[in-house]
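Colleague: heads up, no residue letters with this:
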């Protein structure tokens, strides 16, 4: 096999010029510097704003259905206070055609922080996604939480009316799951997140009547957080509000609790781990051991937390809209939502804009540049939008009451396409698609009341399912005879066979931006090859010293 042809090479240490001799100089307002300090290599700096850097159109038409390779150095900060974003992409959202090399920090996916510092390499050519039933998790009714940790996918369950305990499961393969035990005696594990190299779980006394199902006979309080210790062992990290400081106004909301007996969301933000209860008020920060600090309350119940552009954003119940805080006890209310919206459930950044899912209008709303919420469309005839995730170039949402999965259609404003009904349980009022996570290149989604997890593969994709270490890292994305290969620091991290999709698209190659979000970090030494680099060639590029 002949050596792959170098189509473009952008060192990005001080300018956007192409060093390959092809003349594909990048356009855009590039800023350059040493993100790790004076001793750090230089690169193009991105702060999450703008359109990134773009190659001339001629480079975008050279991939087609043939082999290609992308290599890049990427720098990420030690702590994260927003999404990470796209490293290199060439993707047309209208036709869903092209490729994406993306860093994932997905927060605000209802009750969990499912992906933190993972890497996704995906391609698509507008085909139909593949849906796979990954099975029921034990005797669960509801998959309320999903999170990727240390090359594995974990799920938290809500159990039925027979007094069973909420559990955590780890995905094995096919429809098989390994039981990782019950953190405590409550009936639900409602939140999962990773923080400082460990997996954390929040427990709850979950009221199933909120989903028009019989309540569990197990009323043991939750409200506690646990750290996973392996096997079926969990280490206690305390109750988030042991003094019930924000259990107030219980008469105005039938779902409110007289005690802090739930954890409604866990999110890592700016180096700290935060939690909110589900049936009482307040924001709490983990201090280590079994201690939590109080970070105030906006006066309403909160449903979800998202780390976005330096602040924590909270989705509120009781017509509270969307609020933001820096964790200092002060809260700001973002622009008002339409009067008919009484609950906000989830967040996602797509197209570099913040989106939220709401009830009872069944819509997604998009944060606009003028500081207002814009109507981004209703998902069929649904009433509630829960999990939202930007995955392989498109925005996906899960719904109630029929438990469906939708994809935003970029060809027309406000239009969504139904992908599948994931929960078909008969004779129930509500079915939910509540939780989502990206794992092994697929979008996993958990449902109620079937207690199943399904996966969605759009086009073809692979992922690095460990946390990418901060600082400078080397990434390589290779397609060979349809097979995708993803390398991290010169080592093969993931691969998947597939058809050689035609990726020609009416879109430029972008560096530092794409369909998900403009990067927060830095990029250097980007190379595009026609042809597939071998593992030895990838390793040699990764081992080359940076300028």
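Modeller: Received it, and whenever you're ready, just let me know what you need. Quick caveat, the model's predicted, so the values are computed rather than measured. Numbering: from 1, shown residues only.
Colleague: and the helix or strand bottoming out on mean pLDDT in the chain, how far out from the chain middle?
Modeller: Least confident helix or strand of the chain, by mean pLDDT, DSSP states H and E, is helix 57-60 with a mean of 74. Here the centre of helix 57-60 is set off from its chain's centre by 30 Å, with C-alpha atoms, centre = their mean, to the nearest Å.
Colleague: for whichever helix or strand comes after that helix, buried residues please.
Modeller: Later in the chain than helix 57-60, the nearest helix or strand by DSSP states H and E is strand 68-76. When neighbours are counted by 16 or more other C-beta atoms under 10 Å, the buried residues of strand 68-76 are found to be 68, 69, 70, 71, 72, 73, 74, 75, 76. Using the backbone N, CA and C atoms, a C-beta is placed for each residue, glycine as well.
Colleague: re earlier: tell me what the least confident helix or strand of the chain is packed against?
Modeller: Helices and strands touching helix 57-60, by 3 or more C-beta pairs under 8 Å, 6 or more residues apart in numbering; DSSP states H and E: there are none.
Colleague: list the contacts of that helix.
Modeller: Helix 57-60 has contacts (C-beta atoms under 8 Å, 6 or more residues apart in numbering) with 7, 8, 22, 24, 90, 504, 505, 507, 508, 509, 528.
Colleague: the last one falls within a strand, correct?
Modeller: To tie it back to what came earlier, the one meant is residue 528. Yes - secondary structure of residue 528 (DSSP: H, G, I helix; E, B strand; the rest coil): part of a strand.
Colleague: and stretch 417-428, which residues are buried?
Modeller: Under 16+ other C-beta under 10 Å, the buried positions of stretch 417-428 are 419, 420, 422, 423.
Colleague: mind giving me the packing neighbours of the helix or strand hosting residue 455?
Modeller: Assigned by DSSP H and E, residue 455 belongs to strand 452-457. On a contact count with 3+ C-beta pairs under 8 Å, 6+ apart, strand 452-457 meets strand 130-136, strand 142-149, strand 416-421, strand 442-448.
Colleague: so what's the gap between stretch 401-408 and the chain middle?
Modeller: With C-alpha atoms, centre = their mean as the basis, the mean position of stretch 401-408 lies at 17 Å from the chain mean.
Colleague: what about residue 230, distance to residue 85?
Modeller: Here the criterion is C-beta to C-beta, to the nearest Å. By it, residue 230 lies 33 Å from residue 85.
Colleague: more neighbours: which of those two?
Modeller: Taking neighbours as other C-beta atoms under 10 Å, residue 230 and residue 85 compare with residue 85 leading, 26 against 8.
Colleague: ok, that one to residue 52 distance?
Modeller: Distance of residue 85 to residue 52, given as C-beta to C-beta: 9 Å.
Colleague: hey, where'd the helices end up in the chain?
Modeller: Along the chain, counting by DSSP state H, helices occupy 57-60, 535-543.
Colleague: can you put the ones you listed in JSON lines and add distance to residue 190 and mean neighbour count?
Modeller: Below are these laid out as JSON lines (distance: least, C-beta to C-beta, whole Å; neighbours: other C-beta atoms under 10 Å):
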{"stretch": "helix 57-60", "distance to residue 190": "44", "mean neighbour count": "17"}
{"stretch": "helix 535-543", "distance to residue 190": "40", "mean neighbour count": "16"}
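Colleague: next, format these as CSV and append distance to residue 235.
Modeller: Listed next are those as CSV, based on distance: least, C-beta to C-beta, whole Å:
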stretch, distance to residue 235
helix 57-60, 50
helix 535-543, 37
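Colleague: out of these, which is closest to residue 156?
Modeller: Among these, the nearest to residue 156 by C-beta to C-beta is helix 535-543 (36.5 Å).
Colleague: name the helices or strands packed onto the closest one?
Modeller: strand 68-76, strand 471-480, strand 483-488.
Colleague: residue 259 is nearest to which of those strands?
Modeller: Residue 259 lies closest, by C-beta to C-beta, to one member of these: strand 68-76, at 39.8 Å.
Colleague: the closest one to strand 483-488, inter-axis angle?
Modeller: 30 degrees (axes from the mean of the first three to the mean of the last three C-alpha atoms, to 10 degrees).
Colleague: tell me the confidence at the nearest residue to residue 281 once chain neighbours are set aside?
Modeller: In space, and not counting its chain neighbours, residue 281 is closest to residue 246: 3.6 Å by C-beta to C-beta, 6 or more residues apart in numbering. For residue 246, the pLDDT comes out at 76.
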